[in-house]
Each structure stands twice: as structure tokens, then as C-alpha cells.
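Novice: Next comes the sequence, and after it the predicted model I'd like to discuss.
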Amino acid sequence: MNVPSVAPARPLGVLAALPEELGDLLAAMRAGSGVVTHTLGRRDYHVGTVHGAPCVVTLARIGKVAAAATASALIHAFDVDAIVFTGVAGGVGPDVRIGDVVVGDTLLQHDMNASPLFPCFEIPLLGRARFDADAMLAAALADACERFIAEEGAALAARFNTATPRVHRGLVISGDQFVASAQAVGALRSLLPEALAVEMEGAAIAQVCHEYDVPCAVVRTISDTADEHASASFESFLAELAGSYSTGILKRFLAGYGRASGSR
Ligand code: SAH
């Protein structure tokens, strides 16, 4: 019997909410190792190797419950080594502009409030409001983003008529609402002045990963500024640019991740 001397590397879970946010990842997987698809809980989990990294790629759909359920399935049914989320978000930080990229170092659920029983934002019975991304994964993602922007940022900025994109790292906040008014984003800014971006999934995934000791990281491209223009800006950014960002960032990140997991 042939017993492999090295156990095969456990896969990385790669997650987005919407198909545009995966860029060319599934096409690249199909062209590489090929794809085996498993359907579970009304989601398709695509298993294969892409850019040298063994991955399970799927769509969470939108919101915290959808994201938590998907992260849980990645952990329990697919035994992933870690989870990376890629997608778009609304800009909240004063220097965060459309087309910039935010890598979450810390994530928080801005709509969790069981006060006065628990402090505002704290997850009841878990004793914390903030969940840290894995430091090494977040650093590797930020590095991939920096290289992507250095190599392709000027061309992207010209296409969407924006300034050359920048990479930010810090707090990403999540809640079950599309934030689309100056008043709503202003309220978030005054409650959480260090927040850089708002979205609807990241902190839910970070909570599940914390509970199961699975490393995770979140990268978000800014599609809108969470104000009255958010809906139109989100739609056009998603259609025109979200895929190019995810393609460029994941290609660079996964090539490094594949090399590292191959050498473990
Ligand atoms: N109209 C879309 C739904 C968009 S929800 C549809 O029907 O498919 C917005 C998605 O992008 C969520 O997955 C969320 O994580 C992210 N997002 C982008 N901008 C956001 C904002 N301003 N507020 C909250 N989430 C935002």
C-alpha cells in the first residue's frame, strides 16, 4: 500500500457574498485542477486547486446569518485550514475612498446591542465585541493588495475615474443592513470612529472562526461611501470593477498561500 509521506494540505475556504466578488477564481480553478462541486444547504462548494493552493470556494450570499452558516459548513463539512472573505464594502473612515482596499485587522457587529444586559456591541455570553483577523493571513492579504495596486491600480483608477487606490488596515464593521444615508453612516462614525468600512458578513465569519479556532481574514474593496449615492455606486462598482479587484488580489495571495502550504 502506498502511504503518502506527507499528509495532503487542508484546503483554504474562499468566500464571497456575490458571484462578481469572486472574479475569475472559479474559471481559474476549472482551467487548473478542475472542480468538484458539492451542494449543501442550498450552496455550491467548489473544491480544487487554484494558483497552487487547495481551496473550497463558495458564495455565502448576503448577511450575517448566511455568512455564519457558510463558514460553519466550510469548517465542519470541508475541514478548511482557514477562511478568507473577499468582497466589496461601504467606506466609513474619513480617508477611505471608492476604489481603495480595506484589510480587516479587527471585526465587529455594529447592530449587536443587548444592553443593558451586556455592553453595546458585545456578543452575549462570548464576552467580546471585537474579533481579530489572523495576523499572518491579514498581512499576506495586505501584501497581495499592495502588489496588485502597484501593478494594476493606475489602470483601474482610470477606468472608474478615481484616485489611485490605497490599502488600509483596521476595523471593519458588519450588520444586517445596507448602509445608504449620510445620517446612518454618520451615526456609525460617531459610535465607532475608528471604523474603516461597513459590510454585512465579515464579523459573523470572524465570530464563527473565533469559536472554532480557525484563522480568518477579510479583504474589502470600497464600492460606495454608505451615503445616499451608495446604491448606484455599489451596483456599478460591482458590475464593472469588483471582479477585477478580487481576481488581482486573490491571484497574488493564493500563489503565496499555496507555496506556504506546500512547504508545511
Ligand atoms: N442589491 C444587491 C444586494 C447588495 S447588499 C443584490 O440584490 O444582490 C450589499 C453587499 O455588499 C453586501 O454583501 C455587503 O457586505 C456589501 N456592501 C457594500 N456596500 C455596503 C454598504 N454601504 N452597507 C452595507 N453593506 C455593503
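Specialist: Perfect, thanks for sending it. Numbers count the residues shown, from 1 in each chain.
Novice: Which other helices and strands does the longest helix belonging to the chain contact?
Specialist: Using DSSP state H, we find that the single longest helix of the chain is helix 135-160. Applying 3 or more CB pairs under 8 Å, 6 or more residues apart in numbering; DSSP states H and E, one finds that helix 135-160 makes contact with strand 82-91, strand 101-109, strand 167-174, strand 216-224, helix 230-240, helix 242-262. Heads up, the C-betas are built off the backbone N, CA and C, glycines and all.
Novice: now the angle from the third one to strand 101-109?
Specialist: Counting by axes from the mean of the first three to the mean of the last three CA atoms, to 10 degrees, strand 167-174 points 30 degrees away from the direction of strand 101-109.
Novice: Can you list the strands that strand 167-174 pairs with?
Specialist: Strand 167-174 sits in its sheet next to strand 101-109 (parallel), strand 195-199 (parallel), going by DSSP bridges.
Novice: CA atoms only: put the longest one into CSV for me.
Specialist: Coordinates of the C-alpha atoms in strand 101-109 are reproduced here as CSV (Å, rounded to 0.1, in the frame of the first residue of the first chain):
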residue,chain,number,x,y,z
VAL,A,101,-9.0,48.4,-0.4
VAL,A,102,-9.5,47.6,3.3
VAL,A,103,-8.0,44.6,5.0
GLY,A,104,-9.8,43.9,8.3
ASP,A,105,-7.4,43.6,11.3
THR,A,106,-10.4,43.5,13.7
LEU,A,107,-14.2,43.0,13.0
LEU,A,108,-17.2,44.0,15.0
GLN,A,109,-21.0,43.5,14.6
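Novice: Could you state which residue of this structure sits nearest its centroid?
Specialist: Nearest to the geometric centre of the chain sits residue 85, at 2.6 Å (CA atoms, centre = their mean).
Novice: tell me the contacts of that one?
Specialist: For residue 85, the contact set (CB atoms under 8 Å, 6 or more residues apart in numbering) comprises 15, 16, 60, 67, 201, 202, 205, 216, 217, 218, 219.
Novice: which one is the first one nearest to, not counting chain neighbours?
Specialist: Counting by CB to CB, 6 or more residues apart in numbering, residue 15 lies nearest to residue 85, which is 4.8 Å off, once chain neighbours are set aside.
Novice: how far out from the middle of the chain is the lowest-mean-pLDDT helix or strand in the chain?
Specialist: Least confident helix or strand, the chain: helix 242-262 with a mean of 91, by mean pLDDT, DSSP states H and E. How far helix 242-262 lies from its chain's middle: 13 Å, per CA atoms, centre = their mean, to the nearest Å.
Novice: Please list the outside residues in contact with that helix.
Specialist: Contacts of helix 242-262 (CB under 8 Å, 6+ apart): 9, 12, 14, 16, 18, 20-25, 28, 49-55, 81, 84, 86-88, 101, 140-141, 143-145, 147-148, 151-152, 156, 219, 221, 223.
Novice: If any of those are buried, give me the ChimeraX selection for them.
Specialist: The command below creates a ChimeraX selection of those among the contacts of helix 242-262 that count as buried (16 or more other CB atoms under 10 Å):
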select :9,12,14,16,20,21,22,23,24,25,28,49,50,51,52,53,54,55,81,84,86,87,88,101,140,141,144,145,147,148,152,156,219,221,223
